[in-house]
Every structure is written in structure tokens, then in C-alpha cells.
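Asker: I'll drop the sequence and a predicted model, then ask my questions.
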2 protein chains.
Amino acid sequence: MTTYSPAQAAEVSGFSIDTLRYYEREGILRPIARTSGGHRAYTDGDLGWLDLVHCLRDTGMPIADLKQYAELALDEATLAARVALLEDHDRRVQESIAALRGQQEKLREKIAWYRSQGV
Amino acid sequence: MTTYSPAQAAEVSGFSIDTLRYYEREGILRPIARTSGGHRAYTDGDLGWLDLVHCLRDTGMPIADLKQYAELALDEATLAARVALLEDHDRRVQESIAALRGQQEKLREKIAWYRSQGV
DNA sequence: GAAAATCCTGGAGCGCGCTCCAGGTCAAGG
DNA sequence: CCTTGACCTGGAGCGCGCTCCAGGATTTTC
């Protein structure tokens, strides 16, 4: 089984080593396996999970929510509930995109107005 | 000339009274006119500016940038430069919308994958 | 003209999400 | 071996953007 050093995990996941440790402390990552000497050894499974975490963070999910989601993921039987949460999140993302576009539209109107004032 | 009390300005602008004071301290608002007793009296012009500020904040412009923009706006002769900055910002907004959509797409793929695993 | 509501200032505090540090342990190359 | 670099832990610190507070002045309402 392939494993990854902290530096490699950081490289692949796009999170800093400090952030990876922080996420583990916070319970967003389950405890990472260790070498005999106590160094972390990330698995492909960990990296897959981190990929989802990245996606959720980038779409604005707060750390606290991510933590709850991660706790839910400890129990295999909660798959349906987790999917439902992801779908809720997807709806919020959809809304925030819409809001952003609305504000962008407003911004463009303002720019157009300034332009009409003779730029 | 109509003026507005801090509470009214907050109501209309959608910022809290504390935030309005904070923006003024930071130089994002030019010094607001005062009544004889020292209370602030916001003008329609102030509210118009606040509307643009709201738009810029909602589209992710940092306070520091807003401050620079506001300083530029003190000089009437910089209209063209300001419009250029707004257009730069518009491009960044466009990019962030695209990024958000990309991540949303990825999220949806993950949801679809979970679904295929039997939910 | 008194009571209640609103506002003033300066500065401290806070929630979020990391990021950095000290002081030490572990691992890989020569 | 021994050096060099990566990693460990616990905890402090930070940047952002507000938000709240104390102690006091002003305005509004009745």
C-alpha cells in the first residue's frame, strides 16, 4: 500500500502541512497512521478525502460544518445522510453563485453609469 | 437636503452602525457631516457611495483595496483610473464565479459517485 | 423638564482559519 | 556514524472584518 509523507500529502492535496495537522486536530481528518518513529503516513484514502475537503472548503463550507460532516462519515451507515448534506451544500453553492452574479450585474451597471459620465 | 441618522443610514445601506463608523475610521467613507451636537448626518451621496461599497464587499473586495479606491475617489480627476479598477475587479469576480462553478461541478460528480454506490 | 432613546469616542475583544515557533525526535545520504 | 533535512508536539500569534463596551453627551418623546 502506497503511503505519503506529510510533504507529499501537502503537495498532492494542495493544503499546507500545518493545515493538514490542524485538520487532524480538529477532527476533519481521522487520525493519520504513523510510522514506527511517529511520523505521519497518509494513505490514498486520506488523499481522496482531502480532495473532497478541498472541494467543500473552496465552495465555502465552514470548518465547523466540515467537522460535523467528518464525524458523520465515521459511521458507514450514514451514507444517505451525508449525500443529503452534500446536496444541501450544493444548493447553497448554487445560491451563492447566483448572488455573486447578481452583485456583478449591479457592479456592471455602475461601471456603465460611470462610463456614461464621460470616461 | 435630506439627511439620515446613523440608524437610518444603517437601515438603508444594510451595514450596521458599528460598521459604518468603522468604515469612516478606515477612510472608506469620507468624514460624515455632523449635527451641531456632533451626531452624524448621512447624505444621499453617502448612501449612494455605500451602495457601491456594499456591491464591492459582496463581490469579495478586501477592505484594504476598498480603502485605496476610496482615496482615489477623493480626487475628481481620477475617474478613468477608478473605472479601470472597477473593471479589473469585475474580471476577478468573473474568475471567482468560474472557479466556484468548477468546484461545484466537481462536487456534483462526487455526489453522483456516492449515489452510484447505492444510496 | 424628565425620562428614554440614540449617539458619541477610544479602545478592547472576538470568530475564523490558519500559520508560526521552540525545542526536540526521526530518517536518509555520504 | 554523522550530518542534514524532514517531522514531532503544544501552544502562541496573526490577519481580517467587524462587534462590543464603558462612560458620557445629545435628542426625542411625553
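Answerer: Looks like it arrived, so ask away. Only a predicted model underlies this, so the values are computations on that prediction, with no experimental measurement involved.

Asker: tell me how many other residues crowd residue A:23.
Answerer: A count of nearby residues for residue A:23, using other C-beta atoms under 10 Å in any protein chain shown, gives 22. For every residue, glycine as well, the C-beta is placed using N, CA and C.

Asker: that one touches residue A:15, doesn't it?
Answerer: Yes. Counting by C-beta atoms under 8 Å, residue A:23 does reach residue A:15; the two are 7.2 Å apart.

Asker: which neighbours do the two share?
Answerer: Residues touching both residue A:23 and residue A:15 (C-beta atoms under 8 Å, 6 or more residues apart in numbering or on different chains) are residue A:53.

Asker: list the residues that contact residue A:27.
Answerer: Residue A:27 makes contacts with A:67, A:70-71, as judged by C-beta under 8 Å, 6+ apart.

Asker: out of these, give me the one that has the most neighbours.
Answerer: Most surrounded of the contacts of residue A:27: other C-beta under 10 Å gives residue A:70, at 19 neighbours.

Asker: now the helices for chain A?
Answerer: Assigned helices in chain A, in chain order: A:6-13, A:17-26, A:44-58, A:63-73, A:79-116 (criterion: DSSP state H).

Asker: which helices and strands sit right next to the last one?
Answerer: By that I understand helix A:79-116. Judged by 3 or more C-beta pairs under 8 Å, 6 or more residues apart in numbering or on different chains; DSSP states H and E, helix A:79-116 is in contact with helix A:63-73, helix B:44-58, helix B:79-116.

Asker: just put these in JSON lines and tack on distance to residue A:54.
Answerer: Below are the helices and strands packed on helix A:79-116 laid out as JSON lines (distance: least, C-beta to C-beta, whole Å):
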{"stretch": "helix A:63-73", "distance to residue A:54": "11"}
{"stretch": "helix B:44-58", "distance to residue A:54": "24"}
{"stretch": "helix B:79-116", "distance to residue A:54": "8"}
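
Asker: looking at those, which is closest to residue A:91?
Answerer: Smallest distance to residue A:91 across these (C-beta to C-beta): 10.4 Å, for helix B:79-116.

Asker: number of nearby residues for residue A:37?
Answerer: Residue A:37: 5 neighbours (other C-beta under 10 Å).

Asker: for DNA strand C, what's its nearest residue on chain A.
Answerer: Closest approach between chain A and DNA strand C, counting by C-beta to the nearest atom of the strand: residue A:37, at 2.0 Å.

Asker: ok, residue A:4 - contacts?
Answerer: Counted by C-beta under 8 Å, 6+ apart, residue A:4 has contacts A:12, A:41-43, A:46-47.

Asker: from residue A:58, how far out is it?
Answerer: Relative to residue A:58, residue A:4 is positioned 21 Å away (C-beta to C-beta, to the nearest Å).

Asker: spatially nearest residue to residue A:69 (excluding sequence neighbours)?
Answerer: Once flanking residues are discounted, residue A:69 sits nearest to residue A:85: 5.9 Å by C-beta to C-beta, 6 or more residues apart in numbering or on different chains.

Asker: the one you found is in contact with residue A:72, isn't it?
Answerer: Yes. The pair residue A:85 / residue A:72 is scored as a contact, 7.3 Å apart, by C-beta under 8 Å.

Asker: so the two - more neighbours on which side?
Answerer: Per other C-beta under 10 Å, whichever of residue A:85 and residue A:72 has more neighbours is residue A:85, with 18 against 14.

Asker: need the per-residue pLDDT for the more buried one.
Answerer: For residue A:85, the pLDDT comes out at 97.

Asker: now do residue A:89
Answerer: Looking at residue A:89, the pLDDT reads 98.
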